[in-house]
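Asks: quick one: sequence plus predicted model below, questions after.
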Amino acid sequence: MRVIIHGVGAIGGVVGAALIEAGTEVLGIARGRMLAALQADGIRMISHRGTVELPFPCVAHPSEITFRPDDVVLLCVKGQDTAAALEDLRAAGMTDQPLFCCQNGVANERVALRYFPNVHGVTVMMPATYLEPGEVITHGAPCYGLFALGRYPGGTDAADEALKQALERANIAAFTSAEVMRTKYGKLLMNLGNIVDALLPLGADRPRFTDRLKAEATAVFEAAGIGWEDVGLDNPQRKDVMQIVEIEGTPRPGSSTRQSFARGAGSVETDYLNGEIALLGRLHGVPVPLNATLTALAAERVASGQGAGSISEDELERLFAS
Ligand SMILES: NC(=O)C1=CN([C@@H]2O[C@H](COP(=O)(O)OP(=O)(O)OC[C@H]3O[C@@H](n4cnc5c(N)ncnc54)[C@H](OP(=O)(O)O)[C@@H]3O)[C@@H](O)[C@H]2O)C=CC1
Ligand SMILES: CC(C)(CO)C(=O)C(=O)O
């Protein structure tokens, strides 16, 4: 099995480095300063086990790849980059190789099914960081992360089992799930807080806002008949397997959305997180003013160049009340 990682950032970088360290053949698709760093010096992965530096074979575009029958493709780009990535993979000759959406949100798998027949969802529990080109960090321990894998829209197959085994050899705990989207909807509830985490200053009271975002979302799920499973700290599959730990000298900078602002990435994933709740609320006639407000606020903050920590608790409370 060769694992092609489309989008070598925080998740793609940690997963790729861990697989390479464990002896799996990996090929990354990266861009910009990350691509240049990987091609020049390979990847540096920092974890609770220490720092490893590894060669990370990479190309700039899928068109540079001759796809093989034993390839599996891990899509590790943010939701706003999914459609372009899928188009590039198809144009490059990918056909029925398994495609695993290692992404937050619940929209990627459905889009992928337009392009490819063999689509899998992955619920990614991994506190990963990418701020500096060539360097990725995971604060997950004892395993670097915990992944649930399953075929989309349902079931499991040999590809799930093969990837699960490769991940486990790489210190990433994994389990297969015939209803993987249930855990992805549960994870989405957690990720409604990404934009709150990003925009509030460090140390602010986040649950004051995130609890209300989740309440809107669970009401929408109920109205829409969407089942979900809690994948947070109380999940028994997570306990003892993957907790977020301190790494001396390497503070965790916050959610993946906060990292996008910190890197000046020019886009954030909020349309596919809080925006998914806005969409579902509008489809099912459930009021979702708070998630809709934050979806719009994220776009406004990206456009105006304001970023991490740019709104106070009082300002956010006023927006929630308006
Ligand atoms: N970070 C975390 O802790 C977690 C993240 N997730 C989810 O995992 C997914 C990936 O997130 P994360 O790793 O944080 O994101 P990152 O932004 O760190 O990594 C994505 C990488 O893909 C690159 N990329 C995007 N489009 C292309 C393309 N067409 N060709 C080549 N490279 C491309 C991006 O480049 P560029 O920087 O130039 O945009 C970036 O380097 C998201 O859905 C996120 O929500 C899930 C759990 C935890
Ligand atoms: C790790 C977690 C849950 C929150 O930081 C996440 O999924 C993200 O950052 O996108």
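Replies: Cool, the structure landed. Ligands and ions are numbered 1, 2, ... in the order given.
Asks: going forward, measure contacts and count neighbours with C-alpha atoms only.
Replies: Noted.
Asks: do you have the strands of the stretch 51-200 of the chain handy? List them.
Replies: With DSSP state E, counting those that start in this stretch as the criterion, the stretch 51-200 of the chain has strands at 58-59, 71-75, 99-102, 119-125, 128-129, 135-138, 140-142, 145-151, 172-176.
Asks: tell me which of those lies nearest to Met34.
Replies: Minimum separation from Met34 across the strands of the stretch 51-200 of the chain (C-alpha to C-alpha) falls at strand 135-138, 8.5 Å.
Asks: does ligand 2 sit close to the closest one?
Replies: No. Shown here: strand 135-138 not in contact with ligand 2 (C-alpha under 6 Å from any ligand atom), separated by at least 9.7 Å.
Asks: cool, stretch 260-267 as well?
Replies: No. Figure legend: stretch 260-267 not in contact with ligand 2 (C-alpha under 6 Å from any ligand atom); closest approach 10.1 Å.
Asks: could you work out the end-to-end span of that stretch for me?
Replies: End-to-end distance for stretch 260-267, by C-alpha to C-alpha, to the nearest Å: 7 Å.
Asks: what is the mean pLDDT for it?
Replies: The average pLDDT within stretch 260-267 is 96.
Asks: skip the chain neighbours and tell me the closest residue to Glu135.
Replies: With C-alpha to C-alpha, 6 or more residues apart in numbering as the criterion, Glu135 has its nearest non-adjacent residue at 4.8 Å, and that residue is Arg44.
Asks: host element of the spatially closest residue to Leu189 that is not a sequence neighbour?
Replies: Spatial nearest neighbour of Leu189, chain neighbours left out: Lys214 (5.7 Å); criterion: C-alpha to C-alpha, 6+ apart. Using DSSP states H and E, the element containing Lys214 is helix 207-224.
Asks: after that helix, heading C-terminal, what element do we hit next?
Replies: Sequence-wise, the next helix or strand downstream of helix 207-224 (DSSP H and E) is strand 242-244.
Asks: list of residues touching that next one?
Replies: Pro127, His139, Gly140, Ala141, Pro142, Cys143, Tyr144, Gly145, Leu146, Ala173, Leu233 (C-alpha atoms under 8 Å, 6 or more residues apart in numbering).
Asks: could you redo the last one with a cut-off of 6 Å?
Replies: His139, Gly140, Ala141, Pro142, Cys143, Gly145 (C-alpha atoms under 6 Å, 6 or more residues apart in numbering).
Asks: ok, now stretch 270-282?
Replies: Residues outside stretch 270-282 that contact it (C-alpha under 6 Å, 6+ apart) are Gly105, Leu192, Ala217, Val220, Pro287, Val288, Asn291, Ala292, Thr295.
Asks: neighbours of the closest residue to ligand 2 within the chain, how many?
Replies: Taking C-alpha to the nearest ligand atom as the measure, the chain has Ser255 as its residue closest to ligand 2, at 3.3 Å. As a burial measure, Ser255 scores 18 neighbours (other C-alpha atoms under 10 Å).
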